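Student: Need the 3D shape of this:
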Amino acid sequence: PPPTPTMGRRSLLLIALAAWLPQPACAAMTPEEAEANLPRVPQHLCCAAVGERREDVRAMLPEAFNHSAVRAVQCTTISGKDHIHRVGTACSYCLCLFDDGASLATDPPCCSLTNFGTPGFNPVTGHMTCQRYKQTFNLNTDSVRSCELRYDLYSFKSFATRGLPSSMGLPALLALIVAIAAVSA
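Tutor: Predicted coordinates:
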């Protein structure tokens, strides 16, 4: 991105350094090396791949309870209720980009989740802010479509009720809220 008057010297230095450093070429590495070299940018979504197959696509997104930590999700392995959480919408978005020919192994696109859906870019990393839709053009089919990222609609998948029957999840949560309210009063 072009420098703006509001950018500080540190931001400009980080952008210049990022442009100068060589980007990882995941396709020329072993799967373990490629996995270790995936982009891990806090508070960003990155679509990457450890190879050239659809099964190699990974969504790199913030952890649910530690947003400075980044988790890699193998997108073709999510199923069921995962699709109605942030991991599901991130993977659907990344697979859409891959299906339309994006080079996720050599040039993984990243966008900032801070201020999701608003125009602009992250002044520290230089990545554009994630938008709800991204236009793609598939050179093989000559078709245009939009890849949808509805990160704002879904919550993180919670592991707090793991091990409880699904019918107990909501009552247990409500009991916890009532207990906290009683202690606070």
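
Student: where exactly do the strands run in the chain?
Tutor: 44-49, 57-62, 70-74, 110-112, 133-138, 143-148 (DSSP state E).

Student: Tell me which of these approaches residue 177 most closely.
Tutor: Among the strands of the chain, the nearest to residue 177 by Cβ to Cβ is strand 57-62 (24.6 Å). C-beta coordinates here come from the backbone N, C-alpha and C atoms, glycine included.

Student: Given that closest one, what are its sheet partners and their directions?
Tutor: In the sheet, strand 57-62 lines up against strand 44-49 (antiparallel), strand 70-74 (antiparallel) (DSSP bridges).

Student: Check these for me and report the most buried one.
Tutor: strand 44-49 (a mean of 24; mean count of other Cβ atoms under 10 Å).

Student: which residues sit against that strand?
Tutor: 26, 38-40, 56-62, 70, 72, 90, 93-94, 97-98, 102, 104-105, 108-113, 122, 125, 127, 130, 149, 151 (Cβ atoms under 8 Å, 6 or more residues apart in numbering).

Student: Just the buried ones among the residues you listed, please.
Tutor: For the contacts of strand 44-49, a neighbour count by 16 or more other Cβ atoms under 10 Å gives the buried set as 26, 38-39, 56-62, 70, 72, 90, 93-94, 97-98, 102, 104-105, 108-113, 122, 125, 127, 130, 149, 151.

Student: Can you lay out the strands paired with strand 57-62 as JSON lines showing distance to residue 81 and mean pLDDT?
Tutor: Output for the strands paired with strand 57-62, formatted as JSON lines (distance: least, Cβ to Cβ, whole Å; pLDDT from 0 to 100):
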{"stretch": "strand 44-49", "distance to residue 81": "20", "mean pLDDT": "95"}
{"stretch": "strand 70-74", "distance to residue 81": "14", "mean pLDDT": "93"}
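
Student: and the closest residue to residue 111 other than its chain neighbours, what does it touch?
Tutor: Excluding the flanking residues, the one nearest residue 111 by Cβ to Cβ, 6 or more residues apart in numbering is residue 130, at 3.8 Å. Counting by Cβ under 8 Å, 6+ apart, residue 130 touches 45, 111, 112, 113, 116, 117, 149, 151.

Student: now those in CSV, with distance to residue 84?
Tutor: Shown next, in CSV, are the contacts of residue 130 (distance: Cβ to Cβ, whole Å):
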residue, distance to residue 84
45, 17
111, 21
112, 24
113, 18
116, 18
117, 19
149, 14
151, 13
